[in-house]
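> Got a sequence here, can you model it:
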Amino acid sequence: MPTSASSTSSNRTEVLISLLRSESKEVKLKALREVKNQIIGNRTKKLSYIKLGAVPKILEILSSSDDSESLILIQSAATIGSFACGVDVGVKAVLDSGAFPHLIRLLSHLDDKVVDAGARSLKMIYQSKLAPKYEFHKAENMAFLLSLLNSENENVTELGASIITHSCETTAEQKALCEAGALSRLLILLKGSLNQREASLDSLAAMTENNSEVIAKFVGLNSGRALNSLTELMKDRYPRTRLLASVCLIVIDHTSPNYLQDIGIKTKLIMILIELLEEPGRVGDEVPFALANLIADKEDLQQIAFEVNALDKLCSFLHQDTLLTKRLQGILLAIAELCSRLENCRARFMSMQALNLVTNALTHDCAEVRTAACICMRSVTRSVKNLSAGHYLDDMIVTPLVHLLHDQCTSVQVAALKTISNIVVDFTNRKSVFIQCGGLKDLVLLSKSMDSTLRLNSVWALRNLMFLAESSNKERIVSEITASTLTSLVCDPEPFIQEQALALVRNLVDGGISCIEHVFVEGGIIINAVGRQVRNASKSEVCIQGIYILGNISTGSESHKEAVMHQLLQEAPSVLIKFLKCSDARLRVAAIWCVVNLTYPGGPGSSVRVARLRDSGIISQIKCMVNDPCLDAKFRVRTALEQCKPVLGCLGVKLSATTEQGHF
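Predicted coordinates for the structure are as follows:
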């Protein structure tokens with residue numbers, strides 16, 4: 001029978017591996033060349049050779065060859081580099097074989113071609129996140145790195161820059177490199193070959209990121225003309241150079257914006273990045289991330305980007321069926337930043353019928369794309385206008401989002417929860433759409449997660465689901481979450497979760513008496529938990545939510561008001577006095593609201609409550625606040641004193657002239 005092509009190929013692979021063991025240098029050299037040629041650009045072949053143990057055998061050739069065998073050294077180093085090129089499995093195989101120190105040894109070889117081969121292979125390794133980190137604090141390592149940067153060999157200088165890009169992560173490392181003179185050398189390399197220029201730009205971005213001290217030293221280099229070197233490279237003929245120069249300027253602007261105050265430079269940056277969106281390959285893939293980074297949290301730059309049609313250009317890519325994963329992720333994140341603050345961007349996005357395209361990305365195979373799609377939708381759904389119109393609580397949107405709550409990737413779950421938090425605010429009372437999709441059950445399940453980030457965001461979503469919900473939906477939410485679970489969330493070890501859980505309860509009791517009754521079930525475990533947090537929590541935000549809950553409950557029946565009094569007056573002095581004296585105006589306002597509701601006239605027990613508040617020193621403290629610097633607090637103080645005045649008059653209490661003048 002004729003032999004199949006795949007069988008022949010497999011046999012040839014095994015033959016070549018066996019030839020790598022040959023005693024003949026010529027045979028080994030020929031086998032190395034053929035292996036290298038087979039695996040270049042062929043992931044399947046690389047994996048096949050790796051599986052059959054080719055890498056250790058090639059390393060054995062490299063390590064056992066002496067310095068006089070230049071051709072063998074060159075071919076074995078080049079083949080090892082080919083295994084490491086673009087495939088992390090290959091990088092791991094190379095590193096596991098112990099090739100790294102042998103490749104480093106080649107950099108000191110007398111033959112420049114051997115040095116080139118070693119440097120190229122090491123550069124391939126340093127394109128991967130798996131490459132070993134370099135410890136710059138060791139003197140011998142720093143000296144070696146500087147020798148690379150100062151080399152006359154182009155590949156060696158590129159390797160030095162690549163090591164910096166890969167390994168420089170901390171402020172201490174940035175400072176050490178700066179003090180050793182690496183910045184000056186990188187600046188010189190900006191005038192070198194294309195590869196040196198681009199490697200240097202990558203390294204400069206790593207060295208200056210979030211470090212104002214290093215940025216100041218860089219800007220001061222070359223008599224203050226270093227920054228001009230970057231702005232000039234924005235005009236370079238090569239797209240990747242323009243991109244990398246732009247990235248460096250973005251890094252500088254984020255940390256030290258005083259160096260790039262000219263809005264013209266920033267506008268030019270935006271224009272260049274939008275132009276580069278059309279570039280194929282790696283440049284086009286990275287551009288959306290740079291654009292998103294540039295305009296993040298900067299409304300003025302977002303507006304400029306919108307005015308030069310960045311949103312239209314980005315959305316046009318979403319219609320392409322062949323869009324690669326990384327580029328799709330970047331485009332979604334760039335759209336998210338554009339729509340994060342500007343309502344006109346959101347309106348334009350909706351008018352282009354792009355929401356369906358983002359919704360489709362929620363089911364993408366790649367977790368990073370699913371996360372980016374959630375982030376994008378979260379920005380778009382910040383529109384109060386569209387929330388009010390009920391545009392987002394739709395099965396086509398809600399169903400895939402709810403499905404993502406079961407995603408195996410936590411970052412996807414968190415991103416989906418944040419998006420759901422926006423959508424379920426919905427002012428049209430269509431929250432039942434989300435509940436019927438099973439979303440409520442999933443939120444409650446995640447609120448019990450061991451992961452505090454999942455707990456926080458699920459409780460936050462439940463809080464928003466409860467916001468302005470109809471009584472029937474409140475009943476369904478409370479029934480699903482149960483009083484015991486809600487109580488445990490109010491008492492969660494994490495203060496941020498306590499705050500959101502209390503805000504959830506606050507939205508629950510924001511309604512009639514039937515809503516307030518929910519916190520009194522099971523012997524009042526919820527209101528008791530709220531009271532404990534109000535009395536004991538150290539975080540102001542937790543106390544604010546708790547005191548507003550008690551204020552809302554105080555709008556209920558006499559028994560509800562009495563329960564609040566019990567929580568507030570358990571200790572002497574009352575926690576209310578602490579809040580009324582607090583420097584945080586938000587707490588003072590919340591506390592006064594609670595007093596206003598407790599002293600509201602007309603109820604049979606109002607005069608008794610006023611007397612108890614007076615005896616607790618609360619009324620006296622309120623009298624001292626008639627000129628509170630916070631206008632909201634000042635206004636509520638006057639309301640409280642106005643309500644208390646008839647009762648205090650009957651009790652023989654006189655308001656001081658100052659108080660009367662300030663209030664009446």
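> Hmm, T639 and V626 touching each other?
No: counting by CB atoms under 8 Å, V626 stays clear of T639, with 11.5 Å between them. Every residue, glycine included, has its C-beta placed from N, CA and C.
> Now do the contacts for the nearest residue to F467 once chain neighbours are set aside.
Excluding the flanking residues, the one nearest F467 by CB to CB, 6 or more residues apart in numbering is N507, at 5.0 Å. Counting by CB atoms under 8 Å, 6 or more residues apart in numbering, N507 touches R463, M466, F467, L468, A469.
> Closest one to V575 out of these, please.
Nearest to V575 out of the contacts of N507 is R463 (CB to CB; 23.6 Å).
> Nearest spatial neighbour of that closest one, chain-adjacent residues omitted?
Using CB to CB, 6+ apart and skipping residues adjacent in sequence, the residue nearest R463 is L504, 4.1 Å away.
> Buried residues, the helix or strand containing the one you found. List them.
Under the criterion of DSSP states H and E, L504 resides in helix 495-508. Of the residues in helix 495-508, 496-508 count as buried by neighbour count, 16 or more other CB atoms under 10 Å.
> Check stretch 265-277 too.
Those buried within stretch 265-277 under the rule 16+ other CB under 10 Å are I265, K266, K268, L269, I270, I272, L273, I274, L276, L277.
> Name the nearest of these relative to K539.
Distance to K539 across those (CB to CB) is lowest for K266, with 38.1 Å.
> now the closest one: how far from C345?
Distance from K266 to C345, counting by CB to CB, to the nearest Å: 18 Å.
> Likewise for C582?
According to CB to CB, C582 and C345 sit 40 Å apart.
> These two - which one has more neighbours?
Counted by other CB atoms under 10 Å, C582 and C345 do not tie: C345 has more neighbours, with 23 against 16.
> Surely the more buried one touches F306?
Yes: applying CB under 8 Å, one finds C345 in contact with F306, separated by 5.3 Å.
> tell me, what's touching these two both at once?
Common neighbours of C345 and F306, using CB under 8 Å, 6+ apart, are L338.
> Looking at the helix or strand that the helix holding L504 is followed by now, give me its mean pLDDT.
With elements assigned by DSSP H and E, the helix or strand that comes after helix 495-508 is helix 513-516. Throughout helix 513-516, pLDDT has a mean value of 94.
> who does helix 513-516 touch, helix- and strand-wise?
helix 471-481 (3 or more CB pairs under 8 Å, 6 or more residues apart in numbering; DSSP states H and E).
> The helix it packs on to helix 495-508, inter-axis angle?
With axes from the mean of the first three to the mean of the last three CA atoms, to 10 degrees as the basis, helix 471-481 and helix 495-508 are set at 140 degrees to each other.
> Report the buried residues of helix 471-481.
N473, K474, R476, I477, V478, I481.
> Name the nearest of those residues relative to Q413.
Checking those against Q413 by CB to CB gives I481 as the nearest, at 18.4 Å.
> Could you report the distance from the closest residue to the closest one other than its chain neighbours to Q413?
Of all residues not flanking I481 in the chain, V444 sits nearest, at 5.1 Å (CB to CB, 6+ apart). Separation of V444 from Q413 (CB to CB): 14 Å.
> Equivalent analysis for L221, please.
Distance, L221 to Q413, using CB to CB: 46 Å.
> the more surrounded of these two?
The residue with more neighbours, out of L221 and Q413, is Q413; 25 against 16, by other CB under 10 Å.
> My read is that the more buried one contacts H403, right?
No: using CB under 8 Å, Q413 is not in contact with H403, being 10.8 Å away.
> Return the per-residue confidence for T659.
As summarised for this prediction, T659 has a pLDDT of 27.
> Same check on H406?
pLDDT at H406 comes out at 97.
> coming back round to it: could you export the contacts of N507 as a markdown table, including secondary structure?
Formatted as a markdown table, the contacts of N507 follow (DSSP: H, G, I helix; E, B strand; the rest coil):
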| residue | secondary structure |
| --- | --- |
| R463 | helix |
| M466 | helix |
| F467 | coil |
| L468 | coil |
| A469 | coil |
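> K431: which of the residues you listed is nearest?
Using CB to CB, the contacts of N507 come closest to K431 at A469, 5.6 Å.
> okay, now that closest one: neighbour count?
24.
> Leaving out sequence neighbours, find the closest residue to it.
A469 sits nearest to K431 (CB to CB, 6+ apart), 5.6 Å away.
> so the one you found sits right up against L462, yeah?
No: the criterion here is CB under 8 Å, and K431 misses it with L462 at 11.2 Å.
> In terms of packing, which of the two has more residues around it?
Taking other CB under 10 Å, K431 and L462 do not tie; L462 has more neighbours (30 against 27).
> which residues of the stretch 251-400 of the chain score low on pLDDT?
Counting by pLDDT under 70, the stretch 251-400 of the chain shows low-confidence ranges at 389-391.
> All the helices of it, residue numbers only.
Ranges of helices in the stretch 251-400 of the chain, per DSSP state H, counting those that start in this stretch, are 263-276, 281-295, 299-307, 310-318, 325-338, 343-351, 355-361, 367-380, 384-388, 395-404.
> Buried residues of the second one, list them for me.
To tie it back to what came earlier, the one meant is helix 281-295. 283-295.
> And for stretch 609-625?
In stretch 609-625, counting by 16+ other CB under 10 Å, buried: 609-614, 616, 618-619, 621-623, 625.
> Likewise for stretch 581-594?
For stretch 581-594, the neighbour count (16+ other CB under 10 Å) marks C582, R586, L587, R588, V589, A590, A591, I592, W593, C594 as buried.
> again, but for stretch 168-180
The neighbour-count check on stretch 168-180 (16+ other CB under 10 Å) flags C168, E173, Q174, K175, A176, L177, C178, A180 as buried.
> on that earlier part again, quick check: the farthest pair among the contacts of N507?
Pairwise distances across the contacts of N507 (CB to CB) peak at 11.6 Å, for the pair R463 and L468.
> Can you pick out the residue with more neighbours from those two?
Neighbour totals were compared for R463 and L468, and R463 leads with 23 against 15 (other CB under 10 Å).
> What pLDDT is listed against that one?
pLDDT for R463: 97.
> for it, what are its contacts?
Contacts for R463 were tallied using CB under 8 Å, 6+ apart; they are S421, Q500, A501, A503, L504, N507.
> before we move on, the earlier item: which of the helices or strands spans the residue nearest to I481?
Counting by DSSP H and E, V444 is found in helix 439-446.
> any idea of the mean pLDDT for that helix?
Averaging pLDDT along helix 439-446 gives 96.
> May I see the buried residues of that helix?
Here helix 439-446 shows G439, L440, D442, L443, V444, L446 as buried, counting by 16+ other CB under 10 Å.
> The first one: what's it in contact with?
If a contact means CB under 8 Å, 6+ apart, then G439 has V398, L401, V402, L405, I420, V424 as its contacts.
> my guess is the last one meets A469, correct?
Think V424. No: with contact defined as CB under 8 Å, V424 does not reach A469; the gap is 9.1 Å.
> Could you tell me which residues touch both of the two?
Both V424 and A469 are contacted by K431, under the criterion CB under 8 Å, 6+ apart.
> okay, now the domains of the protein?
1-132, 582-664 (automatic domain parsing).
> mean pLDDT lowest for which of these?
Of all the domains of the chain, mean pLDDT reaches its minimum on domain 582-664 (a mean of 81).
> circling back: next, the angle helix 395-404 makes with the helix holding V444.
Here the directions of helix 439-446 and helix 395-404 differ by 20 degrees (the same axes, to 10 degrees).
> roughly how far is helix 439-446 from the heart of the chain?
A distance of 23 Å separates the centroid of the chain from that of helix 439-446, by CA atoms, centre = their mean, to the nearest Å.
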